[in-house]
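Asks: Make a model of this:
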Amino acid sequence: MMQLVLKFASCTRAAGLRVSTSEVLDCLDQLQHVNPVDEEEFKILMRANFAKSRRDQAKFDYLYDLFFHEMQTDLDFKSESMGQYLQEILKMLGENLPQDQESQAVLDLMAGNPMAYLELLQQIQSDDNAAPGIKGSNLGQLAKRLQIMLGFNDVRELIAQFLEGRTPSPGVTETIDYQIRQQLRAYFDERLEVARELLTSESRPNNESLKTSSSHDKHLAQLGDKPFVSLNRKEVEEMREIINHLVAKLKDTIGRRYARKTSGILDVKKTLRQSSKYQGVPVELVYKTKQPKKGKIVTICDVSGSVWSAARFMLNLLYSVSERFNGVRSFIFVNNLAEVSDTFDKYEINQAIENVLRNHEVEFQARTDYGAMLRHFRREYMDILNKKTTLIIIGDGRSNYSNPEADILDQMRDKCRRVIWLNPEAEVFWYSGDSEMRTYERYCHEFRQVQNLNQLMEFIKDLVL
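Replies: From the prediction side, this is the model:
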């Protein structure tokens, strides 16, 4: 077993894997604790010692199969003289092939020892000698590979001549049975095919961590830039996949931000208090814990026409990260106001949105009236606002030339921590026609255009991080 491991280690080194003497000794020592007859255990042990990284594992697996399976010399032939014929052919090849490095490496491979051939391939791959007169060319390597390929033809032709010379016929004294000749021919063809594959296949490290962007990923990224109003039914379903992925990523970011307890600002008082257990030596360092600052969210969504396309995605994201807030109160309106917070509490988010669309308290066919909505809110819900509340209004501000009631919004601003207005309409149209955005903007802390998912996700990140 020791000789087998040492021989395999030499082959892996010849193929370019970095295997040190200490790793070989560790492998031999660990063989005492596994069953070497169990190939799975044996292979895992060898890989653990010889493959330095995941990038080397694919190359190790290939070399393992080559050495322990494809290069086995103890053939299962029925004839007892098969080994004798094999040695005769190898001796004949040694006498007729040129005595150069390439031919001897191929001959060793035919005999079941791939080390010299692997060393030759590694030498060719690392050889930077270009073709004469051509700077930076790889024609030198190609010429050497072509020379070895021509050597394969010579080997195949010599074996064929040897076997034909042993065919039973008048005047032939030394003959070989037909079945044995076929087995010998298949054996050497298999070795030559292995040699050809090693020569022509390009050695590349395994790189599972490589990031690639599939056409599907690109399609999803393009959806993120597409306006909500132009999404069809199929794209809306695909958008849910994007939202679930972004929400999961956002929650991980929030969790990591507040989970770090061994970094940040040092709490001097608590550290000195802990040092009293160690005679004043600050062995245990205590850092100031960063508590999540949970706020309160109140959303008022215009659900008239195309504005609802943006509002539904906004509510979806807000309720997906609702644990980040102390509470989320949601209202919808066209002209009259209706609270839908209970609907989102009772149902799954997508089902809740569908139920909101069937809310009987809202006249979806009515003319949009922001002034009536503000009067309704001041009359019944003004007391839910406080200095921890972030008020988010989602709408295009088009009030059909009715009274905008901007003074009510001013009162709401005084009671809130922040007032944010999200407009799904293109900014170029904000101050045209019946839009009251010019009136409302002076009473808000922040104005944002939110036409697509990417803009919406950027706002959510700013809101919760």
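Asks: pretty sure residue 93 contacts residue 109?
Replies: No: contact criterion CB atoms under 8 Å: residue 93 and residue 109 do not qualify, at 11.0 Å. C-beta coordinates here come from the backbone N, C-alpha and C atoms, glycine included.
Asks: More neighbours: which of these two?
Replies: residue 109 (23 against 20; other CB atoms under 10 Å).
Asks: Verify the stated contact: that one with residue 191.
Replies: Yes: between residue 109 and residue 191 a contact is recorded at 6.2 Å, counting by CB under 8 Å.
Asks: okay, and for the stretch 51-200 of the chain, where does confidence drop off?
Replies: Judged by pLDDT under 70, the stretch 51-200 of the chain has its weakly predicted residues at 70-81, 125-141, 171-173.
Asks: At which residues are the helices of it located?
Replies: 54-65, 82-96, 101-110, 115-126, 139-165, 178-200 (DSSP state H, counting those that start in this stretch).
Asks: closest one to residue 348 among these?
Replies: Of all those, it is helix 54-65 that lies closest to residue 348, at 39.4 Å by CB to CB.
Asks: picking that back up, redo the helices of the stretch 51-200 of the chain as JSON lines? Include distance to residue 7.
Replies: Formatted as JSON lines, the helices of the stretch 51-200 of the chain follow (distance: least, CB to CB, whole Å):
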{"stretch": "helix 54-65", "distance to residue 7": "12"}
{"stretch": "helix 82-96", "distance to residue 7": "18"}
{"stretch": "helix 101-110", "distance to residue 7": "12"}
{"stretch": "helix 115-126", "distance to residue 7": "8"}
{"stretch": "helix 139-165", "distance to residue 7": "23"}
{"stretch": "helix 178-200", "distance to residue 7": "17"}
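Asks: Kindly state which of those helices is positioned closest to residue 244.
Replies: Nearest to residue 244 among those is helix 54-65 (28.9 Å), distances taken as CB to CB.
Asks: Buried by neighbour count: which residues of that closest one qualify?
Replies: Going by neighbour count (16 or more other CB atoms under 10 Å), the buried part of helix 54-65 is 56, 57, 59, 60, 62, 63, 64.
Asks: ditto for stretch 151-161
Replies: Using 16+ other CB under 10 Å as the test for burial, stretch 151-161 gives 151, 152, 155, 158, 159.
Asks: How about stretch 448-465?
Replies: For stretch 448-465, the neighbour count (16+ other CB under 10 Å) marks 448, 450, 451, 452, 453, 455, 456, 457, 459, 460, 463, 464 as buried.
Asks: Kindly report the same for stretch 182-200.
Replies: Using 16+ other CB under 10 Å as the test for burial, stretch 182-200 gives 183, 184, 187, 188, 191, 192, 194, 195, 198, 199.
Asks: Against residue 4, how distant is the last one?
Replies: It refers to residue 199. Here residue 199 is placed at a distance of 26 Å from residue 4 (CB to CB, to the nearest Å).
Asks: Over to the first one?
Replies: Relative to residue 4, residue 183 is positioned 25 Å away (criterion: CB to CB).
Asks: how about the strands in the stretch 201-350 of the chain?
Replies: Assigned by DSSP state E, counting those that start in this stretch, the strands in the stretch 201-350 of the chain fall at 296-302, 327-333, 337-339.
Asks: Please verify my assumption that residue 425 contacts residue 431.
Replies: No: Residue 425 is beyond contact range of residue 431, at 10.8 Å (criterion: CB under 8 Å).
Asks: Looking at these two, which is more packed in?
Replies: For residue 425 versus residue 431, neighbours defined as other CB under 10 Å are more numerous around residue 425 (22 against 13).
Asks: isn't there a strand covering that one?
Replies: No: counting by DSSP: H, G, I helix; E, B strand; the rest coil, residue 425 is not part of a strand but coil.
Asks: Enumerate every residue touching it.
Replies: Contact analysis of residue 425 by CB atoms under 8 Å, 6 or more residues apart in numbering lists 307, 396, 435, 449, 451.
Asks: ok, now how distant is the nearest residue to residue 34 once chain neighbours are set aside from residue 62?
Replies: Leaving out its chain neighbours, the residue that sits closest to residue 34 by CB to CB, 6 or more residues apart in numbering is residue 41, at 4.5 Å. Between residue 41 and residue 62 the distance is 20 Å, computed by CB to CB.
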